[in-house]
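Colleague: Sharing a model prediction with you, sequence too.
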Amino acid sequence: MNGMILHNVIQTIFVIAGITAMLAAMFNWDWFFTARNAEFIVKRLGRNGSRILYGTAGLLFIIAAVYFYYKVAAIR
């Protein structure tokens, strides 16, 4: 049972990270794109390229969380 709890926590983190990245991309949040972590990508791709990358990554995070939720639910 502890493995399932950990699995759900990781899925929740993926969903929250995905939603945050997608919202940052959609609303062009300055605090997100001026952070030191995003600085490298913004310098390489520009602001609009970074928005596309982070929006896509956010969507992929959410898809992965949903996929693994149903994949593990089928095993139980």
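Modeller: In hand now; what should we look at?
Colleague: residue contacts, the most centrally placed residue in the chain?
Modeller: By C-alpha atoms, centre = their mean, the chain has its centre lying nearest to Gly18, at 2.5 Å. The neighbourhood of Gly18, defined by C-beta atoms under 8 Å, 6 or more residues apart in numbering, consists of 57-62, 65. Where you see a C-beta, it was placed from the backbone N, CA and C, and this is true even at glycine.
Colleague: What is the nearest of those residues to Phe27?
Modeller: Using C-beta to C-beta, Gly58 comes nearest to Phe27 of the contacts of Gly18, at 12.2 Å.
Colleague: Report how many residues lie close to that closest one.
Modeller: Neighbour count of Gly58, defined by other C-beta atoms under 10 Å: 22.
Colleague: That one: which element?
Modeller: helix 36-75 (DSSP states H and E).
Colleague: which helices and strands does that helix pack with?
Modeller: helix 2-27, helix 30-33 (3 or more C-beta pairs under 8 Å, 6 or more residues apart in numbering; DSSP states H and E).
Colleague: Would you mind listing the buried residues in that helix?
Modeller: 38, 42, 50-51, 53-55, 58, 61-62, 65 (16 or more other C-beta atoms under 10 Å).
Colleague: roughly how far is that helix from the heart of the chain?
Modeller: 4 Å (C-alpha atoms, centre = their mean, to the nearest Å).
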